[in-house]
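K.L.:
Could you look at this predicted model? Sequence included:
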Amino acid sequence: MKAGNATLSSYGTTIFEAMSALAREHAAVNLGQGFPDDRGPLALRQAAAEFVVDGHNQYPPMMGMAALRQAVAAHDRRFYGLDVDWQTEVLITSGATEALLDCFLGLLEVGDEVVLLEPAYDTYAPVLRRLGVVPRSVRLVPPTWSLPRDELAAAFSGKTKLLVLNSPMNPAGKVFTRDELTFLASLVERHDAFAVCDEVYEHLVFGDAPHIPLMTLPGMRDRALRIGSAGKTFSLTGWKVGYITAPAHALRPITKAHQFVTFTTPPNLQHAVALGLGLEDAYFHGLGPALARGRDRLAAGVAALELPVLPCDGTYFLVLDVTRWLGSDEDDVAFCRRLVVEAGVVLIPMSAFYEAAPPRHLVRACFCKADATIDAALLRLQAWVSKQR
Ligand SMILES: Cc1ncc(COP(=O)(O)O)c(C=O)c1O
């Protein structure tokens, strides 16, 4: 029998699947995969159900339903002051995951280089490699995840076609500052590159750190592409509705990719997400504070276990330094596996977000959970830690 594709075959099942399976086996509290306990706005769930029952179940327009594309453009104007033409600059996709693939398929050629910032969301590099593209990964430096500016400048070259920027950043919980974005924009412009901006956590920011789309910086309107996700903005991660805002010249080839990958996205979900994007400001501004309470609850609990937590200004995730509890010669993967079995709690090893030679003392914990879920995990961790002392 001939083998399947060698590049993809070389990757294992994602760590999220593997850890979630282990969680089920050991009835563990799952702070691994990033899905909220919150059920999402009832009005959206009802609208999606009614649209199906009312019989809107055939192929919607390829680029997305007009109401949703208009809602995306209006959202971008409302929150970021962007002037977006919904007909030529907005594409609806089946999740941010498809949006990313479409951008890569639509913009890249074999042999192009793409600059990635590590720790990186785990789909970027495998997909890029499968397309014959060369990822140039640059590591941000913990604990503050600062930009190694010289290394970044060196990673860009004449071959660089695009930068992938994920802010707010999974798994680091970092929200890039205007100063950092200005630096990245200067590299993108100097090297005549695009920036694919994965902004799925755009509304999940805490405290004083605002989310600033790279697209709003001088010189970036023509080079930056913004990707959003209804999954994150409305706590409906299973829906897989994503949206791309991009300059028309970049969106044209990306639309061709979408046409051949999924062609359309379920109409009832598009209809409901259009309603969602039109919700009042209070909805969007309430998301950060609600999540920040979960972050603080989890952070306070793990600090009491003598586990340092890294700063976190956005996303669903807190990074913990587990050096103190690592066994001799134990890495983060082995530690997380042992924790499921011995403590009944699932965390994600940060090495999953690196291509090579990852840090081995960091793990990611998800806090977009009900208080009871966080408390249950903390109780189990406390019991486990007291046995280690
Ligand atoms: C950084 C990042 N990008 C993209 C996605 C995928 O979003 P979607 O579920 O809309 O495909 C996720 C989901 O966890 C994510 O964390």
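P.N.:
In hand now; what should we look at? The structure displayed is predicted, hence computed values, not measured ones.
K.L.:
and the stretch 251-389 of the chain, which of its residues are near the ligand?
P.N.:
Residues of the stretch 251-389 of the chain that fall close to the ligand, judged by Cβ under 6 Å from any ligand atom: none. Yep, even glycine has a C-beta here, placed from its N, CA and C like the rest.
K.L.:
For the ligand, what's the nearest residue on the stretch 251-389 of the chain?
P.N.:
Nearest residue of the stretch 251-389 of the chain to the ligand (Cβ to the nearest ligand atom) works out as T315 at 7.4 Å.
K.L.:
count of neighbours near that residue?
P.N.:
Applying other Cβ atoms under 10 Å, we find 29 other residues in the vicinity of T315.
K.L.:
Against N166, how distant is it?
P.N.:
9 Å (Cβ to Cβ, to the nearest Å).
K.L.:
before we move on, what about M62?
P.N.:
For M62, the distance to N166 - Cβ to Cβ - is 27 Å.
K.L.:
between the two, who's got more neighbours?
P.N.:
Applying other Cβ under 10 Å to M62 and N166 shows that N166 carries more neighbours, namely 26 against 14.
K.L.:
In the helix-or-strand element of the chain with minimal mean pLDDT, which residues are buried?
P.N.:
The least trusted helix or strand in the chain, going by mean pLDDT, DSSP states H and E, turns out to be helix 15-25, with a mean of 88. Residues of helix 15-25 classed as buried: I15, F16, A18, M19, S20, L22, A23 (neighbour count, 16 or more other Cβ atoms under 10 Å).
K.L.:
Give me the contact status of it with the ligand.
P.N.:
No: Helix 15-25 lies apart from the ligand when judged by Cβ under 6 Å from any ligand atom; the minimum separation is 8.7 Å.
K.L.:
For that helix, which helices and strands make contact with it?
P.N.:
strand 29-30, helix 332-343, strand 345-346, strand 348-349 (3 or more Cβ pairs under 8 Å, 6 or more residues apart in numbering; DSSP states H and E).
K.L.:
Sort out which residues of whichever helix or strand comes after the first one are buried, please.
P.N.:
Going back to what we said before, that points to strand 29-30. Downstream of strand 29-30, the next assigned helix or strand under DSSP states H and E is helix 42-53. Using 16+ other Cβ under 10 Å as the test for burial, helix 42-53 gives L44, A47, A48, F51.
K.L.:
Let me have the residues you listed in JSON lines, extended by pLDDT.
P.N.:
Output for the buried residues of helix 42-53, formatted as JSON lines (pLDDT from 0 to 100):
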{"residue": "L44", "pLDDT": "98"}
{"residue": "A47", "pLDDT": "98"}
{"residue": "A48", "pLDDT": "98"}
{"residue": "F51", "pLDDT": "98"}
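K.L.:
quick one: the helices in the stretch 1-150 of the chain?
P.N.:
6-9, 15-25, 42-53, 66-80, 95-107, 124-130, 149-155 (DSSP state H, counting those that start in this stretch).
K.L.:
which one of these has the lowest average pLDDT?
P.N.:
When those are compared by mean pLDDT, helix 15-25 comes last with a mean of 88.
K.L.:
Was I right to think G228 contacts E202?
P.N.:
Yes: here G228 reaches E202: they are 6.1 Å apart, a contact under Cβ atoms under 8 Å.
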